[in-house]
Each structure stands twice: as structure tokens, then as C-alpha cells.
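S.K.: let's see this in three dimensions:
(2 chains)
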2 protein chains.
Amino acid sequence: MKISLDNLLEELSGIEMITNLQQVAKLSGDYAHFSPVLVPLLADKVGDVVVRPRDEGEVLRIAQACVKYKIPLTVRGSGTGNYGQCTPLKGGVILETSRLQEIKWIKAGLASVETGVKLATVDKKAQEIGWELRMIPSMYKSATVGGFIAGGSGGIGSVTYGQLRDRGNLRAVRVVTLEDEPRIIELRGDDVQKVNHAYGTNGIITELEIPLAPAYEWMECVVSFRDFMTAARFGQALGNSDGLVKKMISVHAAPIPNYFTALQNYIPADAHCALVLVAESDRQPFQSLVAEFAGEICYEKSTLESSRESSKGINLIEFSWNHTTLLARAVDNSLTYLQSLFLNDPKLELVQKMHEHFGDEVMMHLEFIKVDGAVIPAAIQVVRFTTGDRLNEIIEYHESQGVFIANPHTYILEDGGMKVVDQNQLSFKRMVDPYGLMNPNKMRGWQN
Amino acid sequence: MKISLDNLLEELSGIEMITNLQQVAKLSGDYAHFSPVLVPLLADKVGDVVVRPRDEGEVLRIAQACVKYKIPLTVRGSGTGNYGQCTPLKGGVILETSRLQEIKWIKAGLASVETGVKLATVDKKAQEIGWELRMIPSMYKSATVGGFIAGGSGGIGSVTYGQLRDRGNLRAVRVVTLEDEPRIIELRGDDVQKVNHAYGTNGIITELEIPLAPAYEWMECVVSFRDFMTAARFGQALGNSDGLVKKMISVHAAPIPNYFTALQNYIPADAHCALVLVAESDRQPFQSLVAEFAGEICYEKSTLESSRESSKGINLIEFSWNHTTLLARAVDNSLTYLQSLFLNDPKLELVQKMHEHFGDEVMMHLEFIKVDGAVIPAAIQVVRFTTGDRLNEIIEYHESQGVFIANPHTYILEDGGMKVVDQNQLSFKRMVDPYGLMNPNKMRGWQN
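M.R.: Numbering: from 1, shown residues only, chains lettered A, B, ... in the order given. Below you'll find the model as predicted:
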């Protein structure tokens, strides 16, 4: 491979590249260090070189060179994934998208961007004309659009717009193939599902067309409750309140909020609480809902005063979703996490059962999202890790009770949330990546 | 009463009033003529005088005079209700709100208006700053804001924002009381429910604060299907599609669309079809959904070309909800209707059962709405009327099978959708209308 690689590098002259071992190693990783299971599996997995194409033409040249020399290619955005999505398991080229930064156009309800544009950048630009992204991950400040689509599933905003996989939440994708003659394919309509959440195993995404949502002024607010189940029921009730416009409902059992250091002056110690983003114009009826559940609003920030308040640096989005895990691990790095869906639990009985069964070993963290038209609790539980076997026991117990687990402790695409081989994605890979060069060993359906 | 009335009229000098019998009779009615049951019950029910106050001061004077002489008072907006909500059962004063026309303010997400402002007027004004009403009835061009709140329950937009009763969909109300010393009370927060959908039995609404929704460009579209259940399932699937923004999903079994004369050049004869309003920016994914259900888009209007197209006068809103009944009755005035909710029927089995059981006698017309966070089919069936007994049999069969009927063939508040006395509304009436003068004999809980 060494000779091939040297040839490849020569062939790519003029394209920005990084060969410094330390830097390449750094750019081979993501937030998989949240998982004590993944850490040893990915420890020595590094690429050989990082390339940073500045346009689709350079992407094509890289694709051609990789095919010519049969060098593996792994695409990387900002590396904010959690399952080693962008870690090259067989070395080779890491294609980093950070220079593909053009916003092609933004209009009412839609945006077209290059893959490496950061979500926060699109959001800001869209807000200038009264729109914003429908959903973002808690890492939206650094995460790229292409990385979110290739490696994410939903996030803040999913309580209203569902998940990335839902029809309408991704409109078009341009991908560069790794065929003998690499080419550009535009996928549109339901065809986008061929590469949506495929970890970059079947095409290099270069551009995307994504929908926008009307930009509200969002009130950020933390509500504390006397017990966890009241907080959870408040979250479900807010989710079901069709007359209240919301973007985030993030509910945390004690002691999770104790890990929110920056909020310690606001949240009472050992409180159970909900972190929410609700339309500023719905403040009054929201307060009525809080009163109905005997909640206490212990922190509040209105976007109306955001310029002043933001200097304090508190942004509730950055306490939700996997930022919760991040903050908990910043205090205690023996902690890890799970990802779950409570699909048939409108009264939250299963949530309660899991909460009570595991106690502090599996601390309940709910994120309410829409699935097929209904708001349900997803969970990103904070877990006190002891052994891999115990972690598996915890997962199996959840599954035996009817909780769907999207296992974050695997780098295999299908073994996370999907569970089965996506034939649509697999047959697209057969066409565009006949040599199996793209992000090898991530797609179980593909026999390398 | 004659002497009292003369005294009252004298006391109200300076306030616009109508005493011409024919005009008063006309202003005593609404669309209760949809119901062959209500027609004979309301036939001779007329007020004695119509007054048109031009401000809250005049409303107070009217209230004072009615209390002084113990004259019944019935409030009327534009009379677009369907259950005789504004028909005075014991004569007296009809207070028509058409001169209370001020839009106090409109800002992002909220509007404050006088009660007599037409919904279309608010919509138009709000659209100037990028907002619109969250929900409107099909009669929005003539219906007033106060009348919609006092007599309506939801409408176009309810598929996203739920019903008027849902927390957040009405923010504040000013009401004038009929106490010994009439006064103005402002209700805010959950207190608005005291007068929401109370038919004006417990206070004269003079001003309202209502929420707004972001104004989308709406694509209007009719999709035909090979059979009714496919159309119905398409409606449910569109309702459940979290990635598609919609304002109306109105599904009609054949032969209902045959009654849509103005659409006869577009809709194939005897077609089953869905009339929908979807965000223009969601056109492509919407078309994918249509294709999945093998639907045919037979009529389409984009707001982008609305100035040109609107000259044709086709507005799909005016074929939905009770406009369907109106149009059917324009062809065959022996037709009447029902109002139903299929609350626990996610697979539409009950919809199918009712559709097949009654055949052409009860033609299925679904309006999808959100109830407690889930999109469900409501129905405004078009019914071939034979006798009152048969109509009751039809209602009882629905109820026996688990369909909730909001009976439109009664003028009694509680006997429509409510079923039970609303103690909150009743106790508010005890306070503000101690003599039972307001819209008498409409609230069952009140013993006149």
C-alpha cells in the first residue's frame, strides 16, 4: 500500500493535504471516546493522509486516484459523531470537507449548501430572511451539514419536524462515486435515502438541499420539578400541546443536572428538570402548563435579550442531547451512555419502570421527538459504566421490556439504530463503490 | 316585555339599531338550516331589535339597559355558525358586532383585535409581516374572530395547531358582564376557557388576543385516488409526515366531489379525493407521498401564481369543512350532515367500517386534525336525510361503534361536542349573568 499511497499523493498534487502523523491521528477520531467499548476497538485506527478538497473538481480527482490505486477513502466533516463514523478502519485517505464551504442559495423554506458548511453558519444566514434549520445536533456550532446527514439522525427541532429520515427533511444530495470512472450523481426525492445516514459508505456527499423552518424567537428555560416522573409527564404534555410551538424538550433525572456546572447558580441541587425551547410568543400559555405541573422556572433566557445574555455563554442547546453526556463525562469520565426510543409508552410507564429499575446506574435523560406524527420520549441515558458485560445486560434488559435501543457502542452502521441491512443503501453501494473502498468495514451488508 | 323594550330602545338612543322585522328576522338566523332537525325548532325564533355598538362604551350601555329592563341579549358575529348559536330563543336584543372592527396590534406570533373583525382581515394584515392565523373556518371571509371563538372549535390549520380549546390557541378575552353594574373583565391564561366556545352565554366578548402562525406560501392541490380507503390512508399518512408542513387535509368519498361544481373540469367524475394545503417549499416530498399512494394530482394552485389564478375564484378552503355541506346542499337540499371524531382509530378501521356500513346514505368526508399531539380523522359526513328517527339511529350506531359524535342537530351547548356541563363556564355565568339574560336556553347547566 505504501507505494500506491505515494503514487496517489503525487497524483493529488495541488490539493491541500496533511501527512503529519499526529494531525492525521487526530483527524481520524470523533467522540467515540464516550464509549468504553469503542475506545479499544478504534484505538489504533488511523488514516494515512488527510486531504482537503476545495471544490467538487478536487473531490473527483481524489475519487479517481483512490479508485486507481484501490486506496480506502473515509469522509469526515468536523468529527462530532459518536460512533467512529469517520474513523478509517483500514487506513487510507481521509477526505475532510472543511473547505467545501459555499452556501449556494437560501430561499423561503429551502437551502442549498456544500457539504462542509457548518450548521450554525446556515442557521445564521437563513435567519437573515426569517428561516432557520428544522433540526440541529447539540454540536451544531462545529458540525457540518454533510456530516449531520451522513452520521446523524435528528436533534433539536425533532420534537416538531421528526427525524432526518422522514420524507421532506432532506431534499437532494450530490454524491461523487468511486466507480472506475468516478462521476457525480444527483439524488432527489425518496432517492436521497440511498445515502442518508449511510456513514459515507456509498458516495462522497458534496452538496445538499435541505428544508428550513420559520425562525421563531425561542425562549430558553429550565423548569425544575419535585420528582422525575412529574418532569417526564410535563415533557410529554408539552410535546402533546398542539397550541404551543416548541423546538426542544430535554428532561433530566437527578443527579444529571448536577453535572451542568454553568447552570449551578440556577438549578437547585439534586433537582429533576426540563430544559426547553418554546416560542417567545407562547410564553404565557407555556407558563400555565408549567403551573399545572407545579414546576418552577429556575432559569430563563429570552432571545429578545440574547445579545446581552449570550455574553454569559449559556445556551441550553449545549446541555441537551449528547452534550448532556459530554458534560457529565467532563465531571466523571467513567460515565457513558445509551440511546433509546420508548415507542409505545404514551403514559410513560416503561420510562418509569426503567428509571426505577436501574436507579443511579442508568440516569434517565429524555429527549422528546416526533415519530410518525406522535411525540414520544427518546432517551440518552447517562450510564455508570462498570464492564462491557454489564453494559450488554443493561441493553438486553431494556430490549426485553420493549425499549428500542439504538446501540451507540458499535461502529457498524446496521448494529446501531437500523438493526437490518438497508438493501437500498447496499445496492447503491454496489453501484457507486464496486471496490468497497468507502469507509470500509462499517456496513455489515457489504462483504469486504 | 313590550314596555321594557321601548324603554330600552329609548335608553340606547344614539346607538345604531335595526327594528325592521324582516331585517331583524334575517339577523336572528345562521346556517342552522343545514339541519332539518333545527329548522322547525328555530323557525319562529327572532329577536326584537338588533343593535350595532361601535365601541366598548356602547356595549356597556347596552349591557346596562338589558340588565335594567331584564331583556335577553344574544350576541351575533356574522352568523356563520351552524347550530343556531346566535339565534335568540326568547327574543330581546341582538348585539351584532360588525362595527367593532379595530385591529389593536399585530406582532410576531400574536394579534389583538376587536371581536367583530373578520378572520380574513386579520389574516391579510398579519401576512404583511409574515404571519397568519393558526386556524380558520371555511367561512373565514365573513366570519368574525369573536364569533369563531364563541361558536367554533377549529378548522383549517387544526391539522397542525389542534383546536381552539387547546392551551395557547386563545390568549386573552375582554368581556362585558350583565351584572347589576356591568363591567369589563379581562381573562388571560387558562381563564379564557370560561368563555371559549360558550356561545356567548356568559359575557359579551369585545376584544381578543390570538396567536399567529408563520405564513407559508401554500400550495393548493386536489389528489384523486382509485378507492376511498386509499384516499383516507393518504390523508392519515400526510398527517403523520412530520417532514411535510400542511394546513389542510380534507378527504372526500365519492360522490361528494361531484357536488364541487367549480372543480368539475379538474376532478374526474365519481372520484375519491383529498383536498390539501401543503407548504409550497414541500412540493417535491409531497409529490413523493402522492406517488406512494398512487394518487393523481388533478388540480393544483400555487400561491406563487395566486394573483393570476385567483381570478378563477377557486379557493380549496371553500370546499372543505362545512363548505362541503354547503356545496352538497346547493345541489341537493335534502342533504344534511354529521360531525364525528375517530379518536382511537390509527389504522382507520372504524372509518372503513362506517364508510362500508352506510354506503351512500352517509358519505364520508374526513378532516384531519390534531388532538392531544396526534393527527386523527374528524368527519363531517354528508347525510341523505330521511327522518329524524333515522338520523338518530345513524348517530346511535356511530356511538355504539366507538365514534364520537359532536351532534350538530342541537342548539344546546352541552349536547353538541361537550356532552357534560362545563362547571367553569357555568360558575362564570352565575357571576357575570345573574339574571340569565345572555343567549337564554342554550346552556343546559343553567336553569332558566
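S.K.: from the centroid of chain A, which residue is nearest?
M.R.: Compute the mean C-alpha point of chain A, and by CA atoms, centre = their mean the closest residue is residue A:152, 3.7 Å away.
S.K.: what sits closest to that one if chain neighbours are left out?
M.R.: residue A:137 (5.6 Å; CB to CB, 6 or more residues apart in numbering or on different chains). Bear in mind the C-beta positions are built from the backbone N, C-alpha and C, glycine included.
S.K.: any idea how far the residue nearest to the centre of chain A is from chain B?
M.R.: Applying CB to the nearest CB, to the nearest Å, the value for residue A:152 to chain B is 15 Å.
S.K.: kindly report the same for residue A:137.
M.R.: Taking CB to the nearest CB as the measure, residue A:137 falls 17 Å from chain B.
S.K.: now residue A:321
M.R.: For residue A:321 relative to chain B (CB to the nearest CB), the value is 18 Å.
S.K.: please apply the same query to residue A:204.
M.R.: Counting by CB to the nearest CB, the gap from residue A:204 to chain B is 23 Å.
S.K.: can you check residue A:312 too?
M.R.: Here residue A:312 is placed at a distance of 24 Å from chain B (CB to the nearest CB).
S.K.: contacting residues for that residue?
M.R.: Residue A:312 makes no contacts at all, as judged by CB atoms under 8 Å, 6 or more residues apart in numbering or on different chains.
S.K.: repeat for the one 10 residues further on
M.R.: Applying CB under 8 Å, 6+ apart, we find residue A:322 in contact with A:31, A:34, A:82, A:137, A:138, A:139, A:337, A:380.
S.K.: name the residues of the strand or helix carrying it that are buried.
M.R.: Per DSSP states H and E: residue A:322 is located in helix A:321-331. Going by neighbour count (16 or more other CB atoms under 10 Å in any protein chain shown), the buried part of helix A:321-331 is A:321, A:322, A:323, A:324, A:325, A:326, A:327, A:328, A:329.
S.K.: which residues does the nearest residue to the fourth one once chain neighbours are set aside contact?
M.R.: Meaning residue A:324. Nearest non-adjacent residue to residue A:324, counting by CB to CB, 6+ apart: residue A:365, 5.3 Å away. Neighbouring residues of residue A:365 by CB under 8 Å, 6+ apart: A:250, A:251, A:252, A:253, A:256, A:324, A:379, A:380, A:381, A:382.
S.K.: redo that, cut-off 6 Å
M.R.: A:252, A:256, A:324, A:380, A:381, A:382 (CB atoms under 6 Å, 6 or more residues apart in numbering or on different chains).
S.K.: state the distance from the third one to chain B.
M.R.: Spelled out, it's residue A:324. For residue A:324 relative to chain B (CB to the nearest CB), the value is 23 Å.
S.K.: turn the contacts of residue A:322 into CSV, including pLDDT and distance to residue B:402.
M.R.: Below are the contacts of residue A:322 laid out as CSV (pLDDT from 0 to 100; distance: CB to CB, whole Å):
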residue, pLDDT, distance to residue B:402
A:31, 96, 49
A:34, 96, 47
A:82, 94, 45
A:137, 98, 42
A:138, 98, 43
A:139, 97, 47
A:337, 98, 42
A:380, 98, 38
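S.K.: just the ones of those in strands?
M.R.: residue A:337 (DSSP state E).
S.K.: dump the contacts of residue A:322 to CSV, plus neighbour count.
M.R.: Listed next are the contacts of residue A:322 as CSV, based on neighbours: other CB atoms under 10 Å in any protein chain shown:
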residue, neighbour count
A:31, 20
A:34, 22
A:82, 25
A:137, 26
A:138, 24
A:139, 27
A:337, 24
A:380, 24
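S.K.: of all the contacts of residue A:322, which comes closest to chain B?
M.R.: Lowest distance from chain B to the contacts of residue A:322 (CB to the nearest CB) belongs to residue A:137, with 17.0 Å.
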